[in-house]
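# take a look and give me a structure for this.
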Amino acid sequence: MSSSSQLVHHCADKWLQLADLQAEEELWLHRSKVRVGHTANLFECQTLEDINFEKWSEQRLDRLLVDYMLRKGMTESSVQLGQRKQIEVFSFSLLTRTDFKDLVDVEVFGQCRKIEQALLAQSVTECLTWWNENKAALSKINVYCPDVVADVDTE
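Reported below is the predicted structural model:
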């Protein structure tokens with residue numbers, strides 16, 4: 001392979017990586033807007049008897065239940081609850097339907113559960129894989145891999 005074709009191939013790979021990062025960034029930006037909109041709706045309620053406060057409170061309870069169930073490892077049930085409730089988000093006074101996953105980090109809890117189950121099975125492979133994927137971001141916030149986990153991997 002010539003150096004120019006290698007350069008083109010390398011550039012194409014980087015372009016795909018940037019496209020993936022942009023899509024992920026847009027997803028998190030969307031979720032942030034939905035979450036800020038959800039919180040902003042509380043301030044639009046004039047009284048506790050306001051019908052919008054009642055709707056907001058019900059949605060918050062549903063969201064908290066889904067979050068709690070995810071934390072306790074009840075992934076399927078929590079996803080079913082979120083889908084069944086069809087959580088609505090009042091975004092800056094406009095009623096818009098959104099996926100409940102915009103308010104609850106189902107993917108993050110799924111990753112945690114997967115790693116937890118692997119550790120319970122006395123395997124650190126999943127943990128180290130996650131660590132390596134997130135090493136750069138973790139080092140920026142001064143979180144480093146414990147020597148115990150790193151030592152287990154090398155044994």
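# ranges for the strands of this protein?
88-91, 94-97 (DSSP state E).
# quickly, which of these bottoms out on average pLDDT?
Ranked by mean pLDDT, the strands of the chain bottom out at strand 88-91, with a mean of 42.
# can you get me a residue count around the residue lying closest to residue 53 once chain neighbours are set aside?
Of all residues beyond its chain neighbours, the one nearest residue 53 is residue 45 (3.9 Å), with distances taken as C-beta to C-beta, 6 or more residues apart in numbering. (Each C-beta comes from the backbone N, C-alpha and C, glycine too.) Other residues lying near residue 45 total 16 when counted by other C-beta atoms under 10 Å.
# quick check: residue 45 vs residue 21, distance?
38 Å (C-beta to C-beta, to the nearest Å).
# ok, residue 122 next?
34 Å.
# so for those two, which sits in the more crowded spot?
residue 21 (10 against 7).
# so what's that one scoring on pLDDT?
So, for residue 21, pLDDT stands at 84.
# phi, psi for the residue nearest to the spatial centre of the chain please.
The residue lying closest to the centre of the chain (C-alpha atoms, centre = their mean) is residue 105, at 3.6 Å. The phi/psi pair for residue 105 (degrees, to the nearest 10) reads phi -80, psi 70.
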